[in-house]
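# okay, predicted coordinates and the sequence, questions at the end:
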Amino acid sequence: MKKLVFTFLFAFGLSNAQTQEVSIIPQPVKLVVEKGNYTINSKTQILLAGTGLENSANFLNDFLQQFYGFKLRVVSKGDFKNKIVLNYEKMEYPIAGAYQMHVNKEGVYIAGDNATGTFYGVQSLIQLLPTEKIQNLPIPFVQIEDKPRFAYRGMHLDVGRHFFPTSYVKKYIDFIAMHKMNTFQWHLTEDQGWRIEIKKYPKLTSVGGFRNGTIVGHFPGKSNDGIRDGGFYTQEEVKDIVKYAADRYISVIPEIELPGHASAAIAAYPKLSCFPDSSTKHPSKSPWFGTTEGKQVQQTWGVFEDVFAPTEYTFNFLQDVLDEVLQLFPSKYIHIGGDECPKTAWKKSEFCQQMIKDNNLKDEHGLQSYFIQRIEKYLNSKGRQIIGWDEILEGGLAPNAAVMSWRGESGGIAAAKQKHVVIMTPTTYVYFDYAQTKPEDSLTIGGYLPLKDVYNYEPIPKQLSKDDEKYVIGAQANLWTEYIANTKKLEYMLFPRMTALSEVLWSPKESKDWNMFEKKLGVQFKRYDFWNWNYRK
Ligand code: ACM
């Protein structure tokens, strides 16, 4: 058979009306499309030729059941003919996820360098399936060799500003898996809501998990809806989500914000504040609902002055919280926030000023650095590493901290030059809460981040030497939810920008091609429709 070698999209639309165009996103490293189809139907079997590949078979079967209405029998013995074979082939690639795949008249053969790779091969197979509910699923003959470019391919979700239930967090994790991404940063604590059950401190969720109202419209808000809003994840739900993600080769990194963005925790336990007896302040222009007496969970957006006091009470509290968090999350990294911590309260507090003197710290930035370093020491003693937003560079980096560069790329560049691990999340390329159009087509936080800018993002800054480049382990898009109150809107902000990011993180830099990506999006839009994912057209 004559082989047709295409690095990009190829269509056999004329020879078989039902065959999907070959449009795999992220673009595989090597993709050869050959003439002909193999048909999957309810009689096809999945053969587990290697051990430990059940996750891949289960994912494929759940997917087939959901969208085509049938499952395949899974067997562990027999010849490879007329089956979907899941296996291993050694590819000796340092980043987990390399795989190879062949579809020919014998069937489908998917072999990963490891179980993660086989799983990604299944994701590519899913993208060869027709986008309509039929019984015989023709898939084009292909040969694929593929591997990820970056080790860290992340998505973040803020469940503090708006809460999303466990079932939806799982759907979000499926989005991550189906884009061959591997990290979910779960932003669990905020001024507007504390979302994770901590058994030792039940008020964190019974008080901190709910607010009495939310501003309506753009900050500062034209009114307040006066609706009690919130929710939290029980520890059982957290375990369930972490397992669900692990079955998809996704690491869940919890984010417990400190020392700032702590209003909800302080509302629950006022002693965490430098000034426990003073009522919560909020911008006077933001309409408030209910009492303003005492410590309150915030109802508006922004950065607030009431932050954790660096007292022994607070450090004991945080260590207790982290002890429970570590029991739930096996991730190497724990995100400790570190961003947007105003120093106003610390400046006014006699205790903090004395602490700065006693510890020979330069100023309040030094105190922030002291705070982070104490938490880092604690987490390192438990075998974990911290990640912090780039503000943790101010006043001196904690010795082993990884830095998430969000205020542009400069924090990431500085950290990589100091030989610290860096994850790039600059607002300019990967803040998916920014508007996709000018003027904005729906209520957003502002900013402007069109699809093409995401696609053209290059995570390795030019300023880094060859030696320092290796500290940039990948990138992540952040989804802050001040203006995202429902899942339809959430997906509208996500897609297709997340799809573009997946190619940035996975595909070789040389193979990126905006025009080809735009063409592939035609098929991707059909998938979004078929899978019932909302998106910006
Ligand atoms: C951030 O956007 N405050 C990290």
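Here it is on my side, so go on. Numbers count the residues shown, from 1 in each chain.
# alpha carbons only for contacts and neighbour counts from here, please
Will do.
# who in the stretch 301-450 of the chain is up against the ligand?
With CA under 6 Å from any ligand atom as the criterion, the stretch 301-450 of the chain meets the ligand at residues 339, 389, 406.
# identify the residues contacting the first one.
Contact criterion CA atoms under 8 Å, 6 or more residues apart in numbering gives 260, 388-392 as the residues in contact with residue 339.
# give me the residue at the spatial middle of this protein.
Nearest residue to the geometric centre of the chain (CA atoms, centre = their mean): residue 155, 1.8 Å.
# and residue 361, how close does it get to residue 408?
Applying CA to CA, to the nearest Å, one obtains 28 Å for the distance of residue 361 from residue 408.
# let me fix that, I meant to ask about residue 208.
Remark: distance between residue 208 and residue 408 (CA to CA) = 31 Å.
# just want to know which of the two has more residues nearby.
residue 208 (31 against 15; other CA atoms under 10 Å).
# the more buried one against residue 295, yeah?
No. Using CA atoms under 8 Å, residue 208 makes no contact with residue 295, being 10.1 Å away.
# between these two, which contacts overlap?
Common contacts of residue 208 and residue 295, defined by CA under 8 Å, 6+ apart, comprise 266-268.
# for the chain, which residues are neighbours of the ligand?
Close to the ligand, as judged by CA under 6 Å from any ligand atom, the chain has residues 339, 389, 406.
# burial measure for the residue lying closest to the last one once chain neighbours are set aside, as a count.
Just to be clear, that refers to residue 406. Distances taken as CA to CA, 6 or more residues apart in numbering put residue 426 closest to residue 406, at 4.1 Å, once the chain neighbours are dropped. By other CA under 10 Å, 23 other residues sit near residue 426.
# among the contacts of residue 339, which two are most distant?
Largest separation among the contacts of residue 339 by CA to CA: 260 and 390, giving 13.6 Å.
# of those two, who's got more company?
Neighbour count, other CA under 10 Å: between residue 260 and residue 390, residue 390 has more, with 29 against 23.
# quick one: contacts for the residue nearest to residue 406?
Going by CA under 8 Å, 6+ apart, residue 426 touches 405-409.
# and residue 389, by the same measure?
Neighbours of residue 389 in contact, by CA under 8 Å, 6+ apart: 337-339, 403-406.
# try it again with 10 Å
Shown in contact with residue 389 (CA atoms under 10 Å, 6 or more residues apart in numbering): 257, 335-340, 402-407, 411-412, 423, 425.
# check residue 199 too.
205, 234-235, 320-321, 324.
# that one and residue 179, how far apart?
Applying CA to CA, the value for residue 199 to residue 179 is 35 Å.
# now do residue 371
Remark: distance between residue 371 and residue 179 (CA to CA) = 37 Å.
# over to residue 445?
Going from residue 445 to residue 179 by CA to CA gives 25 Å.
# ok, now residue 248?
Per CA to CA, residue 248 is found 11 Å from residue 179.
# what of residue 38?
Per CA to CA, residue 38 is found 24 Å from residue 179.
# quick one, which of those two is more surrounded?
Set residue 38 next to residue 179 and count neighbours by other CA under 10 Å: residue 179 wins out with 24 against 18.
# the residue nearest to the more buried one when sequence neighbours are not counted: what secondary structure?
Excluding its sequence neighbours, the residue lying closest to residue 179 (CA to CA, 6+ apart) is residue 502, at 5.8 Å. Three-state assignment for residue 502 (DSSP: H, G, I helix; E, B strand; the rest coil): helix.
# contacting residues around residue 502?
For residue 502, the contact set (CA under 10 Å, 6+ apart) comprises 25-27, 148, 153-155, 176, 178-181, 454-455, 475-477.
# and these, which are buried?
Buried by 16 or more other CA atoms under 10 Å: 25-27, 148, 153-155, 176, 178-181, 454-455, 475-477, out of those.
# so which residues of the stretch 301-450 of the chain form helices?
Counting by DSSP state H, counting those that start in this stretch, the stretch 301-450 of the chain has helices at residues 312-328, 344-348, 350-358, 364-381, 410-417, 427-430.
# mean pLDDT added to the ones you listed, as TSV?
Below are the helices of the stretch 301-450 of the chain laid out as TSV (pLDDT from 0 to 100):
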stretch	mean pLDDT
helix 312-328	98
helix 344-348	98
helix 350-358	98
helix 364-381	97
helix 410-417	98
helix 427-430	98
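# CSV for the ones you listed, including mean neighbour count?
Shown next, in CSV, are these (neighbours: other CA atoms under 10 Å):
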stretch, mean neighbour count
helix 312-328, 16
helix 344-348, 17
helix 350-358, 14
helix 364-381, 19
helix 410-417, 22
helix 427-430, 23
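# Serialize the ones you listed to TSV and add fields for distance to residue 72.
Converted to TSV, these look like this (distance: least, CA to CA, whole Å):
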stretch	distance to residue 72
helix 312-328	33
helix 344-348	61
helix 350-358	63
helix 364-381	44
helix 410-417	46
helix 427-430	38
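# just the contacts of residue 199 now: which is nearest the ligand?
Nearest to the ligand out of those is residue 321 (CA to the nearest ligand atom; 21.2 Å).
# quick one, what contacts the closest one?
Counting by CA under 10 Å, 6+ apart, residue 321 touches 196-201, 256, 315.
# is it possible to mark the buried ones in the residues you listed?
Buried, going by 16+ other CA under 10 Å: 196-198, 256, 315, out of the contacts of residue 321.
# give me the average confidence score over stretch 488-503.
Mean pLDDT, computed over stretch 488-503, is 98.
# so for that stretch, what gets flagged as buried?
489-503.
# what does stretch 239-249 give?
With burial defined by 16+ other CA under 10 Å, the residues of stretch 239-249 counted as buried are 241-249.
# return the member of these nearest to residue 52.
residue 247 (11.0 Å).
# if we can go back for a sec, what about the residue nearest to residue 179, distance to the ligand?
Distance, residue 502 to the ligand, by CA to the nearest ligand atom, to the nearest Å: 20 Å.
# go on, residue 99?
Computed as CA to the nearest ligand atom, the residue 99 to the ligand distance reads 34 Å.
# which element is residue 454 on?
For residue 454, the host element (DSSP states H and E) is helix 451-455.
# so where's this structure uncertain?
1-20 (pLDDT under 70).
# for stretch 217-233, measure first residue to last.
Note: stretch 217-233 ends 27 Å apart using CA to CA.
# next: stretch 482-493.
Length of stretch 482-493, first residue to last, CA to CA: 12 Å.
# kind regards, and thank you for your time.
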